[in-house]
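Undergrad: following is a predicted model, sequence given first.
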Amino acid sequence: AHVDENAQLIRTGASAGIGEACAKEFAKQGSNLILAARRTERLEALKNEILQNHRDIKVDTMSLDVRQKKNIDTAISNLPQKNNIDILVNNAGLVIGLDHLVDVTEDAFDTMFETNVKGLVFLTQAILPGMKANNRGHIINIGSVAGKEAYPGGSIYCASKHAVDAITRSLIFELMDTPIRVSQICPGMVNTEFSTVRFDGDKEKADNVYKGVDPLIGQDIAELVTFTASRPPHVNICDMLVFPTAQAAATTVHRRT
Ligand code: NDP
Ligand code: 8X3
């Protein structure tokens, strides 16, 4: 099965990593795309790259910082396709640092919760009424292994991804009497800009995360996202936990020596 080729799709965090790879995978399936992130120059470059390979789809970009509800509400209300979104991929997310709880700053706490939780909630609130009116839609949340377990130095990020897990489950209950599906994909280690952001641009620290392991790449997750979106209407993949083969838990990884 393929994603409906007329599907309108909105994806947050499309400027890098998993979101960028999702944009390319959905383009292969013939979906029209609305790409959202803060770094609009990245989105424009991605749009041009996609359109060179897929001339038959429409690609729009949207400057969006998901941390502020008012930004989301303004961006969505200005969107001509706002009542015609078929798939929402809530992917924008980040982690800051590896500090033990006692040292976590209010700023780091707010940034993680505002991006990973409030952004996902308020964007879903902005898109879901249109899906309900159309009686169709699919919300795909990018959770994490950090939403299934906790580890030292991960308290607030893990709490934010546990919140995504709970919100996904609640939405499945709330929408089970509609054709609208809600799914969660929970990756383990994926080599993206995630660790560079975590360590505030320290490339060496970021590279060490992936040393001696074959990590997942954005495309591995993107293929699962499009697979999830392309199941027949009676099938909902509620939750998927995906690791590199050399990973068994968030912090249990076999490294080549
Ligand atoms: P990247 O850092 O490569 O990409 C993160 C994306 O999120 C970027 O496009 C960034 O765009 C966007 N983003 C961050 N903050 C905001 C914001 N305030 N408003 C709008 N967009 C924002 O990381 P990944 O691709 O790895 O991360 C994607 C998702 O996957 C996240 O939710 C992450 O928690 C999750 N994840 C990642 C794992 C990994 O190991 N990499 C494992 C498990 C889950 P911009 O900066 O341009 O706004
Ligand atoms: C990212 C995976 O293990 O760094 O969500 O929390 S981890």
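TA: Perfect, thanks for sending it. Numbers count the residues shown, from 1 in each chain. Ligands and ions are numbered 1, 2, ... in the order given.

Undergrad: hey, let's count contacts and neighbours off CA atoms from now on
TA: OK.

Undergrad: residues from this structure in reach of ligand 2?
TA: Ser144, Val145, Ala146, Gly188, Met189, Ala250 (Cα under 6 Å from any ligand atom).

Undergrad: so how many other residues sit close to the first one?
TA: Other residues near Ser144 number 25, with proximity taken as other Cα atoms under 10 Å.

Undergrad: chain neighbours aside, what residue packs nearest to it?
TA: Nearest non-adjacent residue to Ser144, counting by Cα to Cα, 6 or more residues apart in numbering: Cys186, 3.9 Å away.

Undergrad: okay, and that neighbour sits in which element?
TA: Under the criterion of DSSP states H and E, Cys186 resides in strand 181-187.

Undergrad: next: Ile221.
TA: With DSSP H and E as the test, Ile221 turns up in helix 218-229.

Undergrad: next one: phi and psi at the closest residue to Phe194 other than its chain neighbours?
TA: Leaving out its chain neighbours, the residue that sits closest to Phe194 by Cα to Cα, 6+ apart is Leu94, at 6.5 Å. Torsion angles at Leu94 (phi, psi; degrees, to the nearest 10) stand at phi -160, psi 160.

Undergrad: check Thr196 too.
TA: According to degrees, to the nearest 10, Thr196 has phi -60, psi -40.

Undergrad: residues in contact with it?
TA: Contacts for Thr196 (Cα atoms under 8 Å, 6 or more residues apart in numbering) come out as Asp202, Lys203, Lys205, Ala206.

Undergrad: now do the same for it: its pLDDT.
TA: At Thr196, the model reports a pLDDT of 97.

Undergrad: so Leu171 sits against Val182, correct?
TA: Yes: between Leu171 and Val182 there is a contact under Cα atoms under 8 Å: 6.7 Å.

Undergrad: more crowded one of those two?
TA: Val182 (28 against 15).

Undergrad: could you measure from that one over to Ile76?
TA: Per Cα to Cα, to the nearest Å, Val182 is found 20 Å from Ile76.

Undergrad: repeat for Arg231
TA: For Arg231, the distance to Ile76 - Cα to Cα - is 27 Å.

Undergrad: neighbour count winner among these two?
TA: Ranked by neighbour count (other Cα under 10 Å), Arg231 and Ile76 place Ile76 first, with 18 against 14.

Undergrad: okay, that one: pLDDT?
TA: For Ile76, the model assigns a pLDDT of 95.

Undergrad: confirm that it sits in a helix.
TA: Yes: judged by DSSP: H, G, I helix; E, B strand; the rest coil, Ile76 forms part of a helix.

Undergrad: check the offset of stretch 228-242 from the chain's centre.
TA: In terms of Cα atoms, centre = their mean, to the nearest Å, the gap separating the centre of stretch 228-242 from the centre of its chain is 15 Å.

Undergrad: equivalent analysis for stretch 113-124, please.
TA: The answer for stretch 113-124 is 11 Å, by Cα atoms, centre = their mean.

Undergrad: can you get me the start-to-end distance on it?
TA: OK, stretch 113-124 end separation, Cα to Cα: 15 Å.
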